[in-house]
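**Q** Okay, here's the prediction I keep looking at, along with the sequence it came from:
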Amino acid sequence: MEQLQEKKPFVTPSHLNWDGLVATIADTFRPKDLISHAYLKEKFNIVTPSPDNKTVEQLLEIIEDQEGVYRANCSALREDLLEKHQVYIRSSHGDGYYIMPAGEQTQYAEQKGFEGAKRNLDMAEKIMKNVRTGPGGLNAHELQENRRAIMRINALQDALEKEKVKQDRELEAEQVQLEYNRIHGH
């Protein structure tokens, strides 16, 4: 657990120079390149276990442990690439990790931030609106505070939605201007 708090891989194979691997990936792969699962598993020394003298349960346990190590190492890799090399990698389901071009990183982060904030605010509202108010539930003072909290959450939701609409309009205007410039040779 302490290793994860230090932002290091969960398990570092003895042959692996972690910082060297991170730097090699940052220097070798280019925007839009795919870092395949096969490449990463090779670098993390994760191999398919031999079925020799093992029960199915033992094999499944080994594979499950390796998957956990792989996910932890990928998470540490993602964090180190971002913080040490300003390279963001995004999961490409089933394939590996895609190197996000720097020009897409801000918009992607903003979109994820808006989605996460909306999801969290929606959940907070749902929890607050579904509080028991009868016997064994909120008293009058707690109910009043609950209603005020719902109003604050609603205000944040409204502000977030207005900002998202504004951002979408600005992006659309930029795209229209770029298309106009492309067509008219500007």
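**A** Noted; the coordinates are in hand. Here the structure is a predicted model, which means the values were calculated and not measured.

**Q** So which elements touch the longest helix along the chain?
**A** If you go by DSSP state H, the chain has its longest helix at helix 140-184. With contacts taken as 3 or more Cβ pairs under 8 Å, 6 or more residues apart in numbering; DSSP states H and E, helix 140-184 sits against helix 102-129. C-beta here means a position set from N, CA and C on the backbone, and glycine is covered the same way.

**Q** Show me what the helix it packs on is packed against.
**A** Packing contacts for helix 102-129, counted by 3+ Cβ pairs under 8 Å, 6+ apart, involve helix 140-184.

**Q** for the helix it packs on, the distance to its chain's centre please.
**A** 22 Å (Cα atoms, centre = their mean, to the nearest Å).

**Q** now swap in stretch 24-36 and tell me
**A** The answer for stretch 24-36 is 18 Å, by Cα atoms, centre = their mean.

**Q** Now do the contacts for the closest residue to A149 other than its chain neighbours.
**A** The shortest distance from A149 to any non-neighbouring residue, by Cβ to Cβ, 6 or more residues apart in numbering, is to M128 (5.7 Å). With contact set as Cβ atoms under 8 Å, 6 or more residues apart in numbering, M128 has these partners: N146, A149, I150, I153.

**Q** ok, how many other residues are close to the last one?
**A** Spelled out, that is I153. For I153, the count of nearby residues is 20 (other Cβ atoms under 10 Å).

**Q** Tell me how many other residues surround the closest residue to it other than its chain neighbours.
**A** Among residues not flanking I153 along the chain, E125 sits closest, at 4.9 Å (Cβ to Cβ, 6+ apart). Counted with other Cβ under 10 Å, residues neighbouring E125 total 16.

**Q** In the helix or strand hosting D65, which residues are buried?
**A** Under the criterion of DSSP states H and E, D65 resides in helix 56-85. With burial defined by 16 or more other Cβ atoms under 10 Å, the residues of helix 56-85 counted as buried are Q66, V69, Y70, A72, N73, C74, A76, L77, R78, D80, L81.
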